[in-house]
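give the three-dimensional model of this entry:
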Amino acid sequence: MLIVSAGYDANAADPLAEMCLQPQDYGLFTDYCLDLTRKIVFGLEGGYDLAALSQSVVATIQQCLVKFE
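Residues are numbered from 1 along each chain as shown. Next comes the predicted model:
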């Protein structure tokens, strides 16, 4: 089982972190994780721009749904 501390505060729109990830980057990271195992728990932590947070979470969930079709 892979446990991921999903720090969505790395998004470029987040006011606290100075990183430049885009919502679709979280989908890419999720895809990499799913290549390792399908047994994953995502723990939400961080993410203070609500629009960017919601887009990033959706990108994560969408990638899980695509892989499990």
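
quick check: pLDDT value at the residue nearest the centre of the chain.
For the chain, Y26 is the residue whose C-alpha lies nearest the centre (C-alpha atoms, centre = their mean; 3.7 Å). Note on Y26: pLDDT of 96.

what's the answer for V57, then?
According to the model's per-residue confidence, V57 sits at a pLDDT of 96.

so it is in which element?
Taking DSSP states H and E as the definition, V57 sits inside helix 50-67.

how distant is that helix from the center of its chain?
On the basis of C-alpha atoms, centre = their mean, to the nearest Å, helix 50-67 is displaced by 6 Å from the centre of the chain it belongs to.

that one: which residues count as buried?
Going by neighbour count (16 or more other C-beta atoms under 10 Å), the buried part of helix 50-67 is 52-53, 55-57, 59-60, 63-64. The C-beta positions use only the backbone N, C-alpha and C, and glycine is treated the same way.
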